[in-house]
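Q: Below: sequence and its predicted model.
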Amino acid sequence: MRSITLTAPGHLEIKQIDDRKQLTDNTVRVKVTACGICGSDLALYTGHRDLSSEHYFGHEFSGTVTEVGNGANGIKEGMRVASELIHGCGRCWFCRNGLQNYCKSLNYALLPGGFTEETLVTNNDEYSFLSPIPDELDDITASIMEPANCAYYVALKANIKPGDTVLVFGLGAIGLVSAMILKTMGAGKVIGADRSKLRIEQIRQTGLLDVIDTSNDNWLQQIQEMTAKEGVDVVVEATGAPQVLSDAMKTARTGGRIVVASVYSGFISKFEPLPIMRKELTIVGAKGPAPLVKTDGTSAVVDKVMKMKEDLQKIIKVYDYKDALQAFADARSGAAIKAVIKF
Ligand SMILES: [Zn+2]
Ligand SMILES: [Zn+2]
């Protein structure tokens with residue numbers, strides 16, 4: 001089977017793998033059609049995250065189930081599925097405290113991951129990471145289900161009131177899609193902020209969001225003007241750059257809320273924490289994906305993705321697996337907002 005393998009930081013190899021992993025109990029085999037490149041995949045690629053301690057490469061995928069092991073409840077052969085956290089064990093401390101996204105059963109869910117044409121996925125009573133894809137949704141668009149889940153979780157954690165002004169720093173897929181979802185949830189003005197000219201240009205072309213270029217010196221002034229100097233009600237920080245947390249605190253209004261969706265690495269050299277007290281800020285983290293299910297047990301994220309299908313398609317750029325190197329380069333530079341590799 002064809003595989004995009006990360007052999008060392010910065011070294012991707014497109015190769016044929018012959019050792020087909022044995023299907024075990026509580027696992028299903030998925031023939032991958034499409035897999036998106038996540039910021040965390042880029043961190044593995046650049047060596048900012050340790051490849052040897054990760055168990056999989058590629059987690060934003062869609063495909064068809066080709067084999068089902070004993071006890072892999074609910075999933076049938078031939079089913080079209082997309083990755084997305086559905087539920088945890090329900091018994092561990094995390095599950096009992098509303099933090100199913102940290103469930104103890106979560107480890108080793110994917111082997112070797114979605115950048116290989118076939119991957120094993122854990123699925124049982126304790127843990128499920130696969131969502132059935134509706135017939136009306138193509139596999140490419142369905143591959144955005146997992147980041148859409150993360151973005152939806154961010155939007156929920158923003159806890160907005162109708163008409164709230166929201167500012168989203170960092171318009172990668174998580175930032176941009178959470179901004180799009182917040183619009184559908186009743187936010188008033190939703191403003192995006194980014195410093196990549198390449199990315200800003202593309203988002204402006206889609207017409208999905210008003211964007212401020214934070215590489216301009218007067219960006220803070222622009223936001224103050226847009227909010228009558230009050231600041232924004234809710235800030236989403238999704239850049240991954242620790243110093244932007246300070247900017248988020250500057251732009252939030254008194255009593256404002258900041259949702260941190262960034263996978264930070266490193267430190268802030270100059271950080272003024274005073275606004276936390278002075279402005280009574282609420283700062284919350286949002287680590288997706290999380291099980292976002294409706295009372296009937298089906299995924300709320302699938303509904304969202306179906307409703308936003310056309311807009312989501314505007315931010316997806318598809319690459320053949322042979323062009324994986326280009327896809328990773330474009331995902332890094334911002335030339336692709338969401339690069340999706342298809343097999
Ligand atoms: Zn991801
Ligand atoms: Zn659990």
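A: Structure received. Ligands and ions are numbered 1, 2, ... in the order given.
Q: and stretch 226-244, how far out from the chain's middle?
A: The chain centroid and the centroid of stretch 226-244 are separated by 19 Å under C-alpha atoms, centre = their mean, to the nearest Å.
Q: Going by neighbour count, which residues of it are buried?
A: Under the neighbour-count criterion of 16 or more other C-beta atoms under 10 Å, stretch 226-244 has 226-227, 231-242, 244 buried. Just so you know, the C-beta spots here come from the backbone N, C-alpha and C atoms, and that holds for glycine as well.
Q: Nearest to R49, out of those: which one, please.
A: R49 lies nearest to G240 out of those, by C-beta to C-beta, at 11.7 Å.
Q: what about the closest one, distance to A329?
A: Relative to A329, G240 is positioned 18 Å away (C-beta to C-beta, to the nearest Å).
Q: ditto for T119
A: From T119 over to A329 (counting by C-beta to C-beta), the distance is 24 Å.
Q: How about K307?
A: Distance from K307 to A329, by C-beta to C-beta: 32 Å.
Q: Next: I17.
A: 23 Å.
Q: Any chance you could list what contacts the one helix or strand A179 maps to?
A: According to DSSP states H and E, A179 maps onto helix 173-184. With contact meaning C-beta atoms under 8 Å, 6 or more residues apart in numbering, helix 173-184 is reached by 36, 38-39, 144, 147-148, 150-152, 154-155, 158, 160, 166, 168-169, 171, 190, 192, 194, 203, 208-209, 234, 236, 238-239, 261, 288, 304, 307-308, 311-312, 315, 337-338.
Q: Let me see the contact set for N218.
A: Counting by C-beta under 8 Å, 6+ apart, N218 makes contact with nothing.
Q: So which residues on the stretch 201-343 of the chain come close to ligand 2?
A: Counting by C-beta under 5 Å from the ion, the stretch 201-343 of the chain comes close to ligand 2 at no residue.
Q: closest point of the stretch 201-343 of the chain to ligand 2, which residue?
A: Using C-beta to the ion, the closest approach of the stretch 201-343 of the chain to ligand 2 is made by P291 at 10.1 Å.
Q: That residue against L85, yeah?
A: Yes - applying C-beta atoms under 8 Å, one finds P291 in contact with L85, separated by 5.5 Å.
Q: Neighbour count: the two, which is higher?
A: A side-by-side neighbour count of P291 and L85, using other C-beta atoms under 10 Å, places L85 first with 28 against 22.
Q: what does the helix or strand hosting that one contact?
A: Taking DSSP H and E as the criterion, the element that holds L85 is strand 80-87. Contacts with strand 80-87, where a contact means C-beta under 8 Å, 6+ apart, come from 30, 59-65, 75, 100-101, 106, 110, 114, 121, 127-133, 139, 142-143, 145-146, 148-149, 288-291, 293, 299, 301-302.
Q: That concludes my questions; thank you for your assistance.
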